[in-house]
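**Student:** Here is the input, now give the coordinates:
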Amino acid sequence: MNNPLIITGSVIIRKNTVIRNEKNEFNNEIYINFATFIKNLFKKEAIVYPKFYKMDNLSKLGFMGAEMLVKNSGIFDRYEKEDVGVVMMNSSSSLDTDMGYNEMIRDKSNYFPSPSVFVYTLPNILIGEICIRHKIKGENLFFISEKFNPGMLTEMVSMTMNGNRAKVCLCGWVELLEDNFELALFLIEKSSDALLAEYSPFTFETLTNIYKYNQ
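**Tutor:** Numbering: from 1, shown residues only. Coordinates of the predicted model:
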C-alpha cells in the first residue's frame with residue numbers, strides 16, 4: 001500500500017508578495033513591474049547564480065519559486081537527484097517570450113532573431129532551468145490549463161509518485177504574461193506516521209486552500 005502524500009512546503013508569489021509556508025516573507029508595498037520585483041527578490045535571497053539574468057521572465061519566476069521552496073527543506077540530503085520529480089502547469093504557455101521573439105522577426109528589413117530568446121519559446125524550459133540549478137534528474141511534466149487546476153495537479157503528481165517514478169515532487173502553477181504573474185508551488189513527499197501528524201495531506205481541498213491564501 002502506498003503511503004499517503006503530504007505537503008511539506010509551499011510558496012505563493014502574487015501581488016508583489018511572497019508567502020512561504022503561509023507566512024509573509026517579502027512584500028513590495030509600492031507597485032513595481034515584474035522585472036524589478038523579481039530582481040529585488042533575487043537580491044534579497046542573496047543567490048549567487050549569474051545565469052539567472054539571462055533567463056526569460058517565466059523561467060525567472062519559476063526559478064525563484066523553486067529556490068524558496070527547497071530552501072532549508074533538506075530534500076537534496078534525503079533524496080537522490082534521480083528521485084526528485086517536477087510537475088508544473090500554467091495558462092499562457094511561453095506566450096510572454098513568444099511575443100518578444102515575434103517583435104524581433106516582424107521587420108524583414110531588420111531581421112535579427114536571437115537564439116538566446118528562441119530557446120525560451122517552450123514553457124517547459126523553466127523546468128529545465130530548475131533542474132540544471134539543482135541537478136535534478138527525475139521525471140518532469142509540464143501541462144497547460146486555463147486556470148490553476150488542483151484536480152489535475154493531484155492526479156498527475158499522485159500517479160508519478162505512487163508509480164515509483166519519484167519519491168519527492170516539486171509541483172504547481174507558474175503563470176506570467178507581461179506584468180501579470182502568479183506562482184503557487186508545493187513540495188510533496190510520502191508520509192511517515194510522524195510526518196502525517198505534522199503536515200497537511202496532499203489533496204484537492206488543501207491545495208485550493210493554500211492557493212487562495214492572500215488572493
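**Student:** I'd like the distance between the residue positioned nearest the centre of the chain and residue 69.
**Tutor:** In the chain, the centroid-proximal residue (Cα atoms, centre = their mean) is residue 62; its distance is 3.9 Å. Residue 62 sits 10 Å away from residue 69, taking Cβ to Cβ, to the nearest Å as the criterion. (Each C-beta comes from the backbone N, C-alpha and C, glycine too.)
**Student:** Now for these two: what residues contact both?
**Tutor:** Residues touching both residue 62 and residue 69 (Cβ atoms under 8 Å, 6 or more residues apart in numbering) are residue 185.
**Student:** Go through the host helix or strand of residue 181 and flag the buried ones.
**Tutor:** In this assignment (DSSP states H and E), residue 181 forms part of strand 180-190. Buried residues in strand 180-190, counted by 16 or more other Cβ atoms under 10 Å: 181-190.
**Student:** avg pLDDT for that strand?
**Tutor:** Per-region confidence: strand 180-190 scores 96 on mean pLDDT.
**Student:** Point out the other helices and strands that that strand packs with.
**Tutor:** Using 3 or more Cβ pairs under 8 Å, 6 or more residues apart in numbering; DSSP states H and E, the elements in contact with strand 180-190 are strand 5-14, helix 57-70, helix 150-162, strand 168-177, helix 204-211.
**Student:** picking up where we left off before, any idea which of the buried residues of strand 180-190 is the one closest to residue 207?
**Tutor:** Checking the buried residues of strand 180-190 against residue 207 with Cβ to Cβ, the nearest one is residue 186 at 6.8 Å.
**Student:** which is the next helix or strand following the least confident helix or strand in the chain by mean pLDDT?
**Tutor:** For the chain, counting by mean pLDDT, DSSP states H and E, helix 193-198 ranks last in confidence among helices and strands (a mean of 69). On the C-terminal side of helix 193-198, the closest following helix or strand by DSSP H and E is strand 200-201.
**Student:** any idea how far that following strand is from the chain center?
**Tutor:** Distance, stretch centre to chain centre, for strand 200-201: 20 Å (Cα atoms, centre = their mean, to the nearest Å).
**Student:** In the sheet, which strands lie alongside that strand, parallel or antiparallel?
**Tutor:** Sheet pairing of strand 200-201 (DSSP bridges) gives strand 5-14 (antiparallel).
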